[in-house]
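# whatever this is, show me its structure:
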Amino acid sequence: MKNNFKFFAKLFTCITVLTLVSGCSVAVRKNKDDELSDTFRKGDIPSAIDIVETTSEKRNALYSLEIGQLYRLRDGNNISLSESTKNLLEADKYVERWQISFDEKLRSGAESVSSYLISENFNSEYNLKNYEMGLLSQYLAINHLAEGRWNDAMVEANKMSKREKFIEAMIEEKIAIAAKASQGKAGGIDFNKANNSIESISGYPVNLVTSKEVSDLKNSYQNAVTYYLSGFIYESQGETSLAAPGYRLAIELNPKIKMFRDSLGNLDANTRSLSQKKIADTLFIIESGFLPKMESNKYVKFFDIGSSKKILTMPYPVIPRATEAFKPNSLQVNKKTIYLDLAANIDAMARRELKDEMPNYIIRATTRAITALGAQVLVDAAANSKKSGGGGGGNAAAGIIGIIASDAIANGMQSLNVANVSHWQTLPSYSFLARTDLQPGKTTIQFALPNGAIVNEEVVLNQGYNIIYIRMLRNKAKLIYSKPNQQQSTEIKLQNRN
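Got it, this is the predicted structure:
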């Protein structure tokens, strides 16, 4: 008992020091995030790159995502996108290593997976959010298309479906672990009676994650734009059997969009006449708006500790209401009006992920709060468990506390009273699609920006399939468009079939 008390007293001291030290780094990071967000929204991409380069504490996956995105918007079709692609592929390697590590933990047993997921976000690595993984493949595919590597774009299209299976398995494990971690007692708290839903957090702005747009989503990670792009890329290469699933999934996610149904219905005819295609079959991908920066706010939860109720103040992530949500309606292409369909609401996907993850956030925040209460309640709980000959859920929950505390102390990156709100800041709020037949050659595209300015962009469309990507910022737009396929090898097609 005496040794246990000394251990937890020492633990509490370390955590207190960690909280004071890391609080400064959190404030610095917040200022950096604010500066990056404002600079990016203004369209000052070179300055945004400087902010990321000079203030990033570690070259992790999040750094690679941000810098890769900024390079692609800076360079567009004027300069090689190799720097952007290199950084996005580096982020992709982090995801691959994460998948391998998770699979290894899964094979090692439930306890290993529990420690891995419950302590998630306490180290300096960054695990991509579910919706971010699909967008990573989507942007890599567009980069490849802009440099005429249609086969490489097919590799990314194939990767999207494989990643989805990984995400599904991970979500299942998280649900099981959250349920298991809620069993028994730790620090005197009866987790069986604890409500881990988002509604149980007193004062939390539940309406921000329960809107109709959020509730209508099937899940947080399936993106109709990503699936449709996958189908379009496969169709362009004559891969009918691979294109059809992408179109079907896009229809399933957004059945109101007529273009999705038409593309599936016309698929066989289009691929049969592929070599005779004289027009420029053009897919427009338009992104607008900005994801609000996640914030760490403190809220209270009530728990039964022993024979009395106790209020714990804990940090939870919040996604504020979007303040810049421009939704373009149409484009003018050679004086022809092209109407746009809202195909993916990324803002809603981010909120859905936060809502789905809240049980895990609550368990992490609760165990951190228990640890911060000090050593005595833990010692008492251990003593009571020993007297009664018990263990089980109490020991499991106490073990989770040890995991979280030791990880926090070892890494020194996260303050115990601040929620981890890291996310890919340069993502849009909305993705729009349109597909139309145009004449090959020089083409003028005209559209309005959020500030009301009218932009005219000239592109060169090729006979066959084309993709034009437009990212709208506050007062300017960045444009990337595909080039003819410069890869002749069929190796990638065979890889996708397998």
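# which residue comes closest to P315 once chain neighbours are left out?
A419 (4.1 Å; CB to CB, 6 or more residues apart in numbering). For glycine as for every other residue, the C-beta is placed from the backbone atoms N, C-alpha and C.
# and the one you found, how many neighbours?
Number of residues near A419 (other CB atoms under 10 Å) recorded here: 22.
# residues in contact with it?
A419 is in contact with S296, N297, P315, Y316, P317, Y361, A365, counting by CB atoms under 8 Å, 6 or more residues apart in numbering.
# wasn't it part of a strand?
No - using DSSP: H, G, I helix; E, B strand; the rest coil, the assignment for A419 is coil, not a strand.
# got the contacts of A419 as JSON lines, with neighbour count columns?
As requested, those are exported to JSON lines (neighbours: other CB atoms under 10 Å):
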{"residue": "S296", "neighbour count": "16"}
{"residue": "N297", "neighbour count": "16"}
{"residue": "P315", "neighbour count": "22"}
{"residue": "Y316", "neighbour count": "21"}
{"residue": "P317", "neighbour count": "20"}
{"residue": "Y361", "neighbour count": "21"}
{"residue": "A365", "neighbour count": "25"}
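# between those, which sits nearest I167?
Relative to I167, the closest of the contacts of A419 is Y361; by CB to CB it sits at 17.9 Å.
# centre of the chain to the strand or helix carrying the closest one, how far?
Following DSSP states H and E, one finds Y361 within helix 346-373. Here helix 346-373 is found 15 Å from its chain centre; the criterion is CA atoms, centre = their mean, to the nearest Å.
# can you tell me the average pLDDT over that helix?
Average pLDDT, helix 346-373: 83.
# would you say T443 is within a strand?
Yes - according to three-state DSSP, T443 belongs to a strand.
# looking at the contacts of A419, which are in helices?
Of the contacts of A419, the ones assigned to helices by DSSP state H are Y361, A365.
# list the contacts for S80?
S80 touches E147, counting by CB under 8 Å, 6+ apart.
# three-state assignment of it?
What three-state DSSP gives for S80 is coil.
# which phi and psi values does it adopt?
phi -60, psi 140 (degrees, to the nearest 10).
# measure the residue nearest to P315 to D268 for me?
To D268, A419 is 50 Å away according to CB to CB, to the nearest Å.
# picking up where we left off before, okay if I get the contacts of A419 as a markdown table plus distance to Y131?
A markdown table is the format used below for the contacts of A419 (distance: CB to CB, whole Å):
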| residue | distance to Y131 |
| --- | --- |
| S296 | 20 |
| N297 | 22 |
| P315 | 23 |
| Y316 | 19 |
| P317 | 15 |
| Y361 | 17 |
| A365 | 22 |
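# take the contacts of A419 and keep only those in strands.
Among these, DSSP state E puts S296, N297, P315, Y316, P317 in strands.
# chain neighbours aside, what residue packs nearest to the last one?
Of all residues not flanking P317 in the chain, A419 sits nearest, at 4.5 Å (CB to CB, 6+ apart).
# distance of the one you found from N297?
If you go by CB to CB, the gap between A419 and N297 works out to 8 Å.
# which parts of this protein are strands?
185-186, 189-190, 280-288, 295-305, 308-318, 330-333, 336-339, 341-345, 430-438, 441-448, 454-461, 464-472, 477-481.
# burial count for P484?
Residues near P484, counting by other CB under 10 Å, number 11.
# mind listing what it touches?
Listed by CB under 8 Å, 6+ apart, the contact set of P484 reads G148, N462, G464.
# Y316 bridge partners, please.
For Y316, the beta-bridge partners are N297 (DSSP bridges).
# surely it and Y204 touch.
Yes - counting by CB atoms under 8 Å, Y316 does reach Y204; the two are 6.5 Å apart.
# okay, and the common contacts of the two?
Common neighbours of Y316 and Y204 (CB under 8 Å, 6+ apart) are Y299.
# residues in contact with V214?
With CB under 8 Å, 6+ apart, V214 has these contacts: A348, R351, R352, K355.
# just give me the closest of those to E168.
Closest to E168 out of the contacts of V214 is R352 (14.9 Å), distances taken as CB to CB.
# for Q237, see how far away the closest one is.
Taking CB to CB as the measure, R352 falls 33 Å from Q237.
# more neighbours: which of those two?
R352 (25 against 22).
# OK, contacts around the more buried one?
Counted by CB under 8 Å, 6+ apart, R352 has contacts V209, V214, L217, N219, S220.
# and for S200, the neighbour number?
So S200, with other CB under 10 Å, has 15 neighbours.
# spatially nearest residue to it, not counting backbone neighbours?
K301 (6.4 Å).
# touching, N420 and P317? I think so.
Yes - judged on CB under 8 Å, N420 makes contact with P317 at a distance of 7.2 Å.
# who touches both of those two?
S296.
# how near is Y139 to Q332?
Taking CB to CB, one finds Y139 at 26 Å from Q332.
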